[in-house]
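In: need a structure here:
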Amino acid sequence: MIPSVAGSVRIPRIVVVANEKGGSGKSTVAIHIAVALMKAGERVGTIDLDSRQQSFTQYVDNRRRWGELIGRDLGLPEHICLDGLSDLPDAGDRLDGAAALTDAVARLSASCTTIVIDTPGHDAAAGRLAHALAHTLVTPLNDSFVDLAAFAEVDPETFAVGETGHYAAMVGNARQQRHAAGGQPLDWIVLRNRLSTFGTSRNRRLMAAALAELSRRLDFTLVEGLAERMIFREFFPRGLTALDDLDEKTLATRPTMSHATARLEIENLITAILLGRPGEAANDADQRIASVA
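Out: Residues are numbered from 1 along each chain as shown. A predicted model of the protein is given here:
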């Protein structure tokens, strides 16, 4: 059983960035969402569930240190890293982990209007708990049939999509939990990530067709997302994002057209998230989501 969040706590909107396939760019997407929402006036809390890699936590720490070094307030979320939740071996440990996660949500709920959660890049109890709490799920997906296998089987001759994959099935289960508890429907956004910048390849066309079919079948919003750009890798050591005020002081070099294009891509993602935003914070039923097995 998953313990419920304290009944007196009003849960803010929870955005979970997740994909059980490692290397999909979850932490980069998570920090961009957090910064975008802060710049939109939200009070943002962030939670890192990947206690092995802690990429999200490192990103936030790098942002803090770089801001101090250049004497500029880059803006920081209220961040929590939950250690030891990536692998929970037995039911008792999973219950303790669930309590740690819901306690962190409750703590951030006192001061934040949105919480962004970054999850491990593999199947883990903590990640499944986060899916059950999410109002919006953002899944970065590399433009590869290797990564698509978690969503559906693919016919080797026609590339048509077949039976639902393990990750899509898990998301479906999280949706059922929310519905059973009377919570708001889960908005699922799939972000095509690390797209080639060299025209339209056959793989890109086939992936587009497969994802269009799956978006109808699995009920997610498909966002034509982030290109494979070196600047996203260069942002990490300084904790920067495409939405920051990028000048020679923050970048230590002149910004390029690639920076401007990346900003437009991120703004497209944030627009998709905000379009699904309810007028009020999570309703009382959402506080019962975590009590569903």
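In: only C-alpha atoms from now on, for both contacts and neighbour counts.
Out: OK.
In: for Tyr59, see how far away the residue of the chain most remote from its centre is.
Out: In the chain, counting by Cα atoms, centre = their mean, Glu157 sits farthest out from the average C-alpha position, at 32.8 Å. Going from Glu157 to Tyr59 by Cα to Cα, to the nearest Å gives 42 Å.
In: again, but for Leu243
Out: 15 Å.
In: just Val190 next, same as before
Out: 22 Å.
In: hang on, Ser111 packs against Pro12?
Out: No: between Ser111 and Pro12 there is no contact under Cα atoms under 8 Å: 9.4 Å.
In: of the two, which one has the most company?
Out: Pro12 (25 against 13; other Cα atoms under 10 Å).
In: right, and that one touches Thr113 too?
Out: Yes: in this structure, Pro12 is within contact of Thr113 by Cα under 8 Å, at 4.9 Å.
In: how long is stretch 161-172 end to end?
Out: Stretch 161-172: ends 17 Å apart by Cα to Cα.
In: give me the distance from that stretch to the chain's centre.
Out: Distance, stretch centre to chain centre, for stretch 161-172: 18 Å (Cα atoms, centre = their mean, to the nearest Å).
In: who touches it?
Out: Contacts with stretch 161-172, where a contact means Cα atoms under 8 Å, 6 or more residues apart in numbering, come from 19-20, 128, 131, 149-155, 210, 213-214, 218.
In: drop anything exposed from those residues.
Out: With burial judged by 16 or more other Cα atoms under 10 Å, the buried subset of those is 19-20, 128, 131, 149-154, 210, 214, 218.
In: show me these that map onto helices.
Out: Of the buried ones among the contacts of stretch 161-172, the ones assigned to helices by DSSP state H are Arg128, His131, Ala210, Leu214, Leu218.
In: and the residues you listed, which two are furthest apart?
Out: Pairwise distances among these were taken by Cα to Cα; the largest, 25.2 Å, belongs to Arg128 and Ala210.
In: closest to Ala174 among the contacts of stretch 161-172?
Out: His131 (6.0 Å).
In: in what helix or strand does the spatially closest residue to that closest one that is not a sequence neighbour lie?
Out: Spatial nearest neighbour of His131, excluding adjacent residues (Cα to Cα, 6 or more residues apart in numbering): Ala174 at 6.0 Å. Using DSSP states H and E, Ala174 falls within helix 166-180.
In: tell me where the stretch 101-250 of the chain has strands.
Out: According to DSSP state E, counting those that start in this stretch, the stretch 101-250 of the chain carries its strands in the segments 114-118, 136-142, 152-154, 161-164, 187-195, 221-227.
In: make a markdown table out of those and add distance to Ala181 and mean pLDDT.
Out: Formatted as a markdown table, those follow (distance: least, Cα to Cα, whole Å; pLDDT from 0 to 100):
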| stretch | distance to Ala181 | mean pLDDT |
| --- | --- | --- |
| strand 114-118 | 21 | 96 |
| strand 136-142 | 17 | 93 |
| strand 152-154 | 27 | 93 |
| strand 161-164 | 24 | 92 |
| strand 187-195 | 16 | 86 |
| strand 221-227 | 23 | 80 |
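In: mean neighbour count, those: which tops it?
Out: Ranked by mean neighbour count, the strands of the stretch 101-250 of the chain are led by strand 114-118 with a mean of 27 (mean count of other Cα atoms under 10 Å).
In: tell me what it is packed against?
Out: When contacts are defined as 3 or more Cα pairs under 8 Å, 6 or more residues apart in numbering; DSSP states H and E, strand 114-118 sits against strand 13-17, helix 26-39, strand 44-48, helix 91-109.
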